[in-house]
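Participant: Fold the stuff below for me.
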Amino acid sequence: MANRLLKPTSAGRRGMTARDFSMVTDNTRIKSLTASKKEQAGRNTQGHLTVRHRGGGAKRLFRTIDFKRNLEGQQQVKAIQYDPNRTARVALLENKQGENSFILATTTMKVGDTISHGPTAEIKDGNTLPLQNIPVGLTVHNIEGQPGQGGKYARAAGTYAILQGLDNGYATVKLMSGTIMKISDRCLATLGQTSNIHNASVVIGKAGRNRNLGKRPTVRGKAMHPAAHPHGGGEGNNGIGLRKGPKTKWGAQALGVKTSKRNRKKKLK
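Facilitator: Here you go, the predicted structure:
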């Protein structure tokens, strides 16, 4: 089901869309898997602002997600729940010993499904296997960067990656951004695509809705004065001057610069 279009009862609600919750079955709180979450508002332990545009937002409890799939044995999906801390839906699992855990739900997951993990797990959506045991060409998500690290890539709503090849102890994985990664084939990945695929098309509609999400306003650099930003200054609506490309507030190059760590290949060895 797609996002729901709201009635235009005000200027802010005209064109606004609401997220789809048809997949959610219940929101029964599991006390052992929830904890209070203190909002840092972009500040470090010294109280200095290190990340801009964060703050405020509705209070919410943190759900502990089992990204490493530590729960033993086969598990059954007991419920699909909404997690306010992430865009994808989460699935509540229970094994034969009565232990519970949360994992990221896939698009095809439903209550009553049996989920398992390990090298001998069935090739089925929601199951987690090492990349070396997954057929080439399949869609995966929640991919580890290093063996035993826990899922790091393709975790947001509607995201996935494609396993393109296996060679000489390494797996080639293509992300939705077009980035091609070469990681150890011993890294775990979960089959399928993450749930809530229409999340990216949600129309926020008004600024107050972003404030409830904990996002503070962002001011364009070209709207500032020259001392506050490299793009600032000028009369009227100006660009970024004679600069070759966009800069950050502190003058660093902001476009066309590699951001991945150079020593990542060394760590894999």
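
Participant: Domain boundaries for the protein, per the record?
Facilitator: What automatic domain parsing lists as the domains of the chain is 20-38+55-201, 220-269.

Participant: Name the stretch from those domains where average model confidence is lowest.
Facilitator: Lowest mean pLDDT within those: domain 220-269, a mean of 83.

Participant: before we move on, the earlier item: nearest to Asn212, out of the domains of the chain?
Facilitator: domain 20-38+55-201 (5.3 Å; Cβ to Cβ). To be clear about C-beta, it is placed using only N, CA and C from the backbone, and glycine gets the same treatment.

Participant: that older thread, Serialize the domains of the chain to JSON lines and add fields for mean neighbour count.
Facilitator: Listed next are the domains of the chain as JSON lines, based on neighbours: other Cβ atoms under 10 Å:
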{"stretch": "domain 20-38+55-201", "mean neighbour count": "17"}
{"stretch": "domain 220-269", "mean neighbour count": "11"}
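
Participant: Figure out which of those is closest to Arg14.
Facilitator: Proximity of the domains of the chain to Arg14 was assessed by Cβ to Cβ; the nearest stretch is domain 20-38+55-201, lying at 16.7 Å.

Participant: Can you point out the helix or strand that includes Asn210?
Facilitator: helix 207-212 (DSSP states H and E).

Participant: Report the buried residues of that helix.
Facilitator: If you call a residue buried by 16 or more other Cβ atoms under 10 Å, then helix 207-212 has these buried ones: Asn210.

Participant: Please name the nearest non-neighbouring residue to Asn238.
Facilitator: Lys222 (6.4 Å; Cβ to Cβ, 6 or more residues apart in numbering).

Participant: doesn't the one you found fall inside a helix?
Facilitator: Yes: note on Lys222: a helix contains this position according to DSSP: H, G, I helix; E, B strand; the rest coil.

Participant: you'd agree it is up against His231?
Facilitator: Yes: contact criterion Cβ atoms under 8 Å: Lys222 and His231 qualify, at 4.4 Å.

Participant: Other residues contacting stretch 13-29?
Facilitator: Residues from elsewhere that reach stretch 13-29 (Cβ atoms under 8 Å, 6 or more residues apart in numbering): 1-8, 61, 79-82, 89, 105, 111, 195-196, 198-199, 201-206, 209.

Participant: what about it, start to end distance?
Facilitator: Taking Cα to Cα, to the nearest Å as the measure, stretch 13-29 stretches 31 Å from start to finish.

Participant: Please tell me how far that stretch is from the chain's geometric centre.
Facilitator: For stretch 13-29, the gap between its own C-alpha mean and the chain's C-alpha mean amounts to 18 Å (Cα atoms, centre = their mean, to the nearest Å).

Participant: if I look at Thr248, how far off is Leu255?
Facilitator: Distance from Thr248 to Leu255, counting by Cβ to Cβ, to the nearest Å: 10 Å.

Participant: circling back: run through the neighbouring helices and strands of the helix holding Asn210.
Facilitator: Packed against helix 207-212 by the contact rule (3 or more Cβ pairs under 8 Å, 6 or more residues apart in numbering; DSSP states H and E) you find no helix or strand.

Participant: If anything else comes up later, I'll come back, but that's it for now.
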